[in-house]
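Q: Sequence first, predicted model second:
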Amino acid sequence: MSSLDSMPRTAPSDETAPPHGSGYTLYVLFMVLLTMIFSNVDRTILSILVRPIKAEFELSDTQVGFLLGPAFAIVYVVLVLPIGRYADTVGIRRNIISTCLFAWSLFTVATGFVASHLQLVLARMGVGVGEAGATAPSVSMLSDYLPPERRGSGMSVISMGAVIGMGLGMVVGGWINEQYGWRAAFLAAGVPGILLALAFRLTIREPERGGSEGRRTVEAGAFLPSLEALFATRTYLFILAANAFTLFASMGRNLWEPQFLVRSYEMGEFHAGTWYFLTSPVPSMLGIFLGGYFADVLGRRDKRWYLWVPAFGLILSPPILVAFLLWPTTDVIAMPAIFAGTLFETLPVALVWSIVGSVVGGTFTAPFMSTTQGVVPLRMRAFAAAISTLISTLIGLAGGPLVVGALADWLEPEYGVDALRYALLFPTLIPMLSGVICLAGARRVAGDLERSRAFDD
């Protein structure tokens with residue numbers, strides 16, 4: 001008998017609703033997509049604004065790396081677990097998401113008014129306070145809108161929102177910076193999120209927990225037995241480890257690669273942000289969708305594919321992305337005549353490798369999220385996502401940008417503007433380790449999916 005057997009089972013309250021039709025579910029997916037877009041615009045827009053901010057406040061690359069990572073991550077990791085547990089127990093996930101969206105958007109607006117390096121650090125910490133309640137409640141809520149057989153594809157909106165937001169932040173942020181200055185870019189990023197928060201709160205309905213799987217809602221069980229069951233789930237532990245290394249790599253790369261284009265290719269912020277958006281986030285979205293799609297299709301026949309699909313992308317993409325970093329900057333492809341006389345009349349050959357590597361490398365994200373939600377206890381879903389987010393943020397966002405910035409400072413005396421190019425090689429190779437971890441954990445998936453249902457039943 002599970003520890004939940006003795007707990008009363010309850011009907012949905014007025015704050016919850018049964019499974020909805022496909023039209024409304026698509027609307028919810030769209031609103032979560034927008035939320036994730038603004039989450040990542042506000043989180044990563046700083047990366048394309050490094051040059052003017054660094055000049056105004058006289059910062060080193062190490063200090064910039066701290067702003068890109070730890071300044072945000074310090075408060076994020078403190079709050080993400082309590083918010084995740086609250087979402088699993090008494091919290092209304094819709095309310096948590098909308099409130100946090102409002103908060104981080106407000107701090108993004110405040111960033112446009114800072115007058116010192118310290119104020120900039122505090123504003124970044126404020127963005128982290130808000131964003132601590134974004135991903136975990138969203139993942140949990142979508143699990144109750146999406147049946148297991150469509151969960152991988154549906155969950156891809158969270159990862160797609162992340163890469164769209166990162167790309168838009170770089171393109172739009174770069175353009176606004178060149179036209180109106182870096183402060184205006186933060187204002188443009190924050191104000192729409194405040195309006196979206198109001199719309200989210202007023203139009204999204206809280207789904208019944210377990211409704212997408214035909215499972216009756218249960219009260220949250222005792223925390224320690226549930227936590228013990230969570231960490232006894234080997235598939236979850238393998239995904240935690242693989243995701244941590246992968247996020248270290250992606251955060252180290254994604255938040256510095258636009259500056260690599262600025263420095264090594266002598267591009268302006270708008271030029272670099274646009275090319276980066278088109279050759280990294282956009283193809284990554286295709287990879288994210290394909291990863292979720294193939295995990296769903298192949299996973300119906302063999303559950304091991306839920307980790308085999310990510311392993312494929314994580315092992316094959318690093319050598320391709322190394323080619324992107326090391327390819328000679330003088331090798332370019334002439335673009336169609338319509339681009340003659342513009343910033344985009346030639347395409348660096350290196351960016352073709354970025355396109356291919358980004359598609360292949362993006363296949364891990366949706367299978368990781370959907371598999372995590374399937375193998376953990378029903379009332380631990382937000383908390384499980386929160387733990388994953390905490391570890392990946394602590395190792396990935398706090399560590400990745402800071403390590404790359406420090407390596408760039410260390411290599412600069414010898415390599416000059418190309419120091420960042422060589423510093424980026426380190427995080428680029430890390431995902432191969434994640435791929436090996438996925439291969440090792442794949443045999444556990446089927447058994448852990450069964451154990452999860454038994455725990456809740």
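A: Noted; the coordinates are in hand. Numbering: from 1, shown residues only.

Q: only C-alpha atoms for contact and neighbour calcs from this point on.
A: OK.

Q: Against residue 251, how distant is the residue nearest in space to the middle of the chain?
A: Geometric centre of the chain, nearest residue: residue 162, 4.9 Å, by CA atoms, centre = their mean. With the distance defined as CA to CA, to the nearest Å, residue 162 ends up 12 Å from residue 251.

Q: now swap in residue 81 and tell me
A: Residue 81 sits 21 Å away from residue 251, taking CA to CA as the criterion.

Q: Going by how many neighbours each has, rank the two and give me the top one.
A: residue 251 (26 against 23; other CA atoms under 10 Å).

Q: isn't the more buried one right up against residue 401?
A: Yes: in terms of CA atoms under 8 Å, residue 251 counts as a neighbour of residue 401; the distance is 6.3 Å.

Q: Show me what secondary structure element comes after the helix or strand hosting the residue nearest to the centre of the chain.
A: Here residue 162 sits within helix 148-180, counting by DSSP states H and E. Counting by DSSP H and E, the next helix or strand C-terminal to helix 148-180 is helix 182-203.

Q: and the angle from that next one to helix 148-180?
A: Interaxial angle, helix 182-203 versus helix 148-180 (axes from the mean of the first three to the mean of the last three CA atoms, to 10 degrees): 150 degrees.

Q: chain center to helix 182-203: distance?
A: 19 Å (CA atoms, centre = their mean, to the nearest Å).

Q: cool, and stretch 30-44?
A: Centre-to-centre, stretch 30-44 and its host chain are 10 Å apart (CA atoms, centre = their mean).

Q: Could I get the full set of helices for the stretch 201-350 of the chain?
A: Taking DSSP state H, counting those that start in this stretch to define them, one finds helices in the stretch 201-350 of the chain at 223-231, 234-254, 257-264, 269-279, 281-299, 305-326, 349-361.

Q: quick one: which of those helices is nearest residue 416?
A: Closest approach to residue 416 among the helices of the stretch 201-350 of the chain (CA to CA): helix 257-264, 9.6 Å.

Q: quick one: contacts of the closest one?
A: Here helix 257-264 makes contact (CA atoms under 8 Å, 6 or more residues apart in numbering) with 47-48, 50, 170, 267-269, 272-273, 276, 329, 417-418, 420-421, 424.

Q: of all those, which comes closest to residue 130?
A: Among the contacts of helix 257-264, residue 47 lies closest to residue 130 (CA to CA), at 19.1 Å.

Q: Show the buried residues in the contacts of helix 257-264.
A: Buried subset of those (neighbour count, 16 or more other CA atoms under 10 Å): 47-48, 50, 170, 267-269, 272-273, 276, 417-418, 420-421, 424.

Q: if you average pLDDT over stretch 267-285, what comes out?
A: Average pLDDT, stretch 267-285: 87.

Q: hmm, who's touching it?
A: Contacts to stretch 267-285, defined as CA under 8 Å, 6+ apart, come from residues 48-49, 159-160, 163-164, 166-168, 170-175, 177-178, 257-259, 261-262, 343-344, 351-352, 354-356, 358-362.

Q: number of nearby residues for the nearest residue to residue 116 once chain neighbours are set aside?
A: Ranked by CA to CA, 6 or more residues apart in numbering and with sequence neighbours excluded, the top spatial neighbour of residue 116 is residue 57, at 6.9 Å. Neighbourhood size, residue 57 [other CA under 10 Å]: 13.

Q: isn't residue 57 right up against residue 115?
A: No: with contacts counted by CA under 8 Å, residue 57 stays clear of residue 115, the gap being 9.0 Å.

Q: what do these two both touch?
A: What both residue 57 and residue 115 touch, as defined by CA under 8 Å, 6+ apart, is an empty set.

Q: just to revisit the earlier point, right, and out of the contacts of helix 257-264, which lies closest to residue 234?
A: Residue 234 lies nearest to residue 424 out of the contacts of helix 257-264, by CA to CA, at 31.7 Å.

Q: residues contacting the closest one?
A: 252-253, 256-257, 325, 404.

Q: ok, it to residue 177 distance?
A: Following CA to CA, the distance that separates residue 424 from residue 177 is 25 Å.

Q: likewise residue 386?
A: Using CA to CA, we find residue 386 at a distance of 34 Å from residue 177.

Q: and if you look at residue 280?
A: To residue 177, residue 280 is 21 Å away according to CA to CA.

Q: Comparing these two, which shows the higher neighbour count?
A: residue 280 (25 against 20).
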